[in-house]
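K.L.:
the sequence and its predicted three-dimensional model are supplied below.
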Amino acid sequence: MTLQDHIRTYRARYAIKATLASIICVIINVIWHLEYGFFSVITAYILISMYHDNTLLRGIERFIGIFIGSMIALLIVNLFTDSKLVYLIGMSTWIFICMYLYNDSRFPFPYPALMCGL
């Protein structure tokens with residue numbers, strides 16, 4: 001078996017993608033001096049291992065979901081910081097909506113909905 005045959009196999013492509021993703025994460029962590037930068041490497045491994053066929057798409061969906069979820073969480077926190085009960089109800093409602101959409105087979109974007117709830 002030649003080197004090109006090995007590269008064409010699934011295992012070699014997976015190993016190359018995982019290695020490149022971790023190297024990129026480490027380089028970004030070093031350049032920006034991120035305090036908890038090791039989470040980016042863990043996230044890269046999870047995304048590649050869970051969704052090896054659509055890694056780029058899942059990464060984009062993860063970013064969109066986390067961004068929307070963060071904005072909604074900031075909105076809820078800023079609006080309801082005085083009342084802990086209303087804050088708890090607001091956050092619980094948001095998490096319920098996200099998990100409901102994640103488990104609804106008719107909803108076209110379940111993974112971003114899951115990320116919004118996190």
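P.N.:
Cool, the structure landed.

K.L.:
now what about the longest helix along the chain, what contacts it?
P.N.:
Ranked by residue count and defined by DSSP state H, the top helix of the chain is helix 55-79. Around helix 55-79, the neighbours that count as contacts under C-beta atoms under 8 Å, 6 or more residues apart in numbering are 17, 21, 43, 47-48, 50-51, 87, 90-91, 94, 98, 109, 111-118. Glycine gets a C-beta too; all of them are placed from N, C-alpha and C.

K.L.:
which of the residues in that helix are classified as buried?
P.N.:
T55, R58, G59, E61, R62, G65, G69, I72, A73, I76 (16 or more other C-beta atoms under 10 Å).

K.L.:
let me know the closest of these to I31.
P.N.:
G59 (19.1 Å; C-beta to C-beta).

K.L.:
separation between the closest one and L85?
P.N.:
37 Å (C-beta to C-beta, to the nearest Å).

K.L.:
which stretches of the protein have low pLDDT?
P.N.:
For the chain, applying pLDDT under 70 flags the ranges 1, 3-12, 14, 49-53.

K.L.:
all the helices of it, in order from the start?
P.N.:
3-8, 10-32, 38-50, 55-79, 84-103, 110-117.

K.L.:
quickly compare those and say which is most buried.
P.N.:
helix 110-117 (a mean of 20; mean count of other C-beta atoms under 10 Å).

K.L.:
quick one, what contacts the residue nearest to A113 when sequence neighbours are not counted?
P.N.:
Once flanking residues are discounted, A113 sits nearest to L101: 3.9 Å by C-beta to C-beta, 6 or more residues apart in numbering. Neighbouring residues of L101 by C-beta under 8 Å, 6+ apart: F107, F109, P110, A113.
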